[in-house]
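In: kindly generate the corresponding structure for this input.
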Amino acid sequence: MSKQFVIVLAIIVLLFLGIFSISNHKNTKVSSSPSSHIEGLDKSGVSLIEYGDYQCPYCGEYYSTVKQVQAQYNNEISFQFVNFPLTSIHQNAFAGARAAEAANLQGKFWQMHVLLYEENQVYYDSNQSASTWINSSNPLTQFDQYARQLGLNVSKFNTDYASNQVDNVINADENKGNALGVDATPTFYLDGKQIQVDNSVSSFTKFITAAIAQKAQAAK
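Out: As a prediction, this is how the structure comes out:
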């Protein structure tokens, strides 16, 4: 074996290892903290947390109820939304979460949250016949329309939408839910305890009123 051949072979091996290293680096998940999307004045110290999926039909059904509950108890409790896209059954669920988190980087998470769930309702109310981001092969097209509607910088929105930063936040949310045993959406936690609540304001009211009373009693 000639020395020249050995040198060429060594160069090829080094190039291969370099490409392999770069490829692995691109696929490495960077650790990140979960999201922190919270509304409400929280005077009672009671928190309501929803683990949700923007493509989930049940989350869409609960959306209007949860919105009413938030308005009713805005002064007393805090409400938090945590991403939990069920990607095994909802092909664009992760994309929806990306849109919300990209909007968050421009201070418009809740506004995008509303648009995503309103379109969720349109899709399922039409018996899945409406053309929306949910059944689109390129949901970003509609997300860009939302971004313009919300007055976002669309170029930045697109960059953030495709970023590791956004993906890592969603993955951190999922890890948080998995650690709690969340396996369906929507899943609700009231003051750290999972509740099985019907899709009605009265059902939420029953749980929240009891939690507020318990918190007040414990503070005496």
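In: residue 158 reaches residue 140, doesn't it?
Out: Yes. Residue 158 lies in contact with residue 140 (CB atoms under 8 Å); the separation is 7.2 Å. The C-beta positions use only the backbone N, C-alpha and C, and glycine is treated the same way.
In: and the helices in this protein?
Out: Secondary structure of the chain (DSSP state H): helices located at 3-27, 57-72, 93-104, 109-125, 140-149, 154-161, 164-180, 201-219.
In: neighbours of residue 103, just the number please.
Out: Counted with other CB atoms under 10 Å, residues neighbouring residue 103 total 26.
In: what stretches of this structure score poorly on pLDDT?
Out: Along the chain, the parts satisfying pLDDT under 70 run over 1-31.
In: and the residue nearest the centre of it?
Out: residue 83 (2.7 Å; CA atoms, centre = their mean).
In: need the helices of the chain in JSON lines (columns: distance to residue 41).
Out: Below are those laid out as JSON lines (distance: least, CB to CB, whole Å):
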{"stretch": "helix 3-27", "distance to residue 41": "42"}
{"stretch": "helix 57-72", "distance to residue 41": "11"}
{"stretch": "helix 93-104", "distance to residue 41": "21"}
{"stretch": "helix 109-125", "distance to residue 41": "15"}
{"stretch": "helix 140-149", "distance to residue 41": "28"}
{"stretch": "helix 154-161", "distance to residue 41": "29"}
{"stretch": "helix 164-180", "distance to residue 41": "24"}
{"stretch": "helix 201-219", "distance to residue 41": "13"}
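In: need the winner for burial among these.
Out: helix 93-104 (a mean of 25; mean count of other CB atoms under 10 Å).
In: and that helix with helix 140-149, angle?
Out: 20 degrees (axes from the mean of the first three to the mean of the last three CA atoms, to 10 degrees).
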